[in-house]
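Novice: Have a look at this fold, sequence not included:
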């Protein structure tokens, strides 16, 4: 079984990851040769003993861990430079915009020899890419715009999450206050969205005899039957 962990340094920045062996993963991050350079450098700077370790979700499958890792990295805003995650997590593992910019700057003006280019060409011949790799390349080139098929696949993957895991996700989010920016983005995303007459009628019927209640912590808007409000 897998778990989602969170390491936080004295600076307040965090790293979120998944593992089926937390002790081994901690040792890997502490290792000076760790490829996760941002969290590795932070550990070298502050000392591992000064980090806090949290287990956000545990006892989940690998598929659930992949979905949750990506979602929690977004929710906790741990992509570099706001946090220590250099990639988006989950199956996608795309570089953050900041990381891509740094990689681009590092390669700017770098001239490859004809021999080097030939080796790259030969290495790529006949190499079959997985559907996930193709999807990642496509998203990276199109400003991360999902095709209808990709959206369906994402929807199916979320349907595979067990009720127990959904409850764990809900508990992780409890008490997490949404920023004004997040709420504004959600509002903007819904503006101009056309609803069918059938949908409008269902919404109107669902609101009859109800009162709008806004959660002060999350900003969530809920319609509650008036007789239940006391």
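Specialist: Structure's in. What do you need? These figures come from a predicted structure and were not determined experimentally. Numbering: from 1, shown residues only.

Novice: where does the chain dip in pLDDT?
Specialist: Residue ranges of the chain with pLDDT under 70: 92-113, 116-117, 119-161, 168-195, 202-203, 205-208, 211-213, 215-220, 223-230.

Novice: buried ones in the biggest strand by length in it?
Specialist: Looking across the chain with DSSP state E, the single longest strand is strand 52-60. Going by neighbour count (16 or more other CB atoms under 10 Å), the buried part of strand 52-60 is 56, 57, 60. Yep, even glycine has a C-beta here, placed from its N, CA and C like the rest.

Novice: Of those, which is the nearest to residue 80?
Specialist: The shortest approach to residue 80 among the buried residues of strand 52-60 belongs to residue 56, at 19.1 Å (CB to CB).

Novice: wouldn't that closest one be in contact with residue 73 here?
Specialist: No: Residue 56 is not in contact with residue 73 according to CB atoms under 8 Å; the separation is 10.7 Å.

Novice: what do the two both touch?
Specialist: Listed as contacting both residue 56 and residue 73 by CB atoms under 8 Å, 6 or more residues apart in numbering are residue 16.

Novice: Show me which positions of stretch 84-92 end up buried.
Specialist: Quick answer for stretch 84-92 (16+ other CB under 10 Å): 84, 85, 86, 87, 88, 89, 90, 92.

Novice: Please disregard the earlier target; I meant stretch 62-78.
Specialist: Buried residues in stretch 62-78, counted by 16+ other CB under 10 Å: 63-73, 75-76, 78.

Novice: packing partners for the host helix or strand of residue 39?
Specialist: Element membership of residue 39, judged by DSSP states H and E, is helix 37-46. Here helix 37-46 touches strand 14-19, helix 22-30, going by 3 or more CB pairs under 8 Å, 6 or more residues apart in numbering; DSSP states H and E.

Novice: Can you give me the first-to-last residue distance of stretch 8-25?
Specialist: Terminal residues of stretch 8-25 are spaced 15 Å apart (CA to CA, to the nearest Å).

Novice: Buried residues, it. List them.
Specialist: For stretch 8-25, burial by neighbour count (16+ other CB under 10 Å) applies to 8, 9, 13, 14, 15, 16, 17, 18, 19, 25.

Novice: Identify the single longest helix in this protein, thanks.
Specialist: In the chain, assigned by DSSP state H, the helix with the most residues is helix 62-75.
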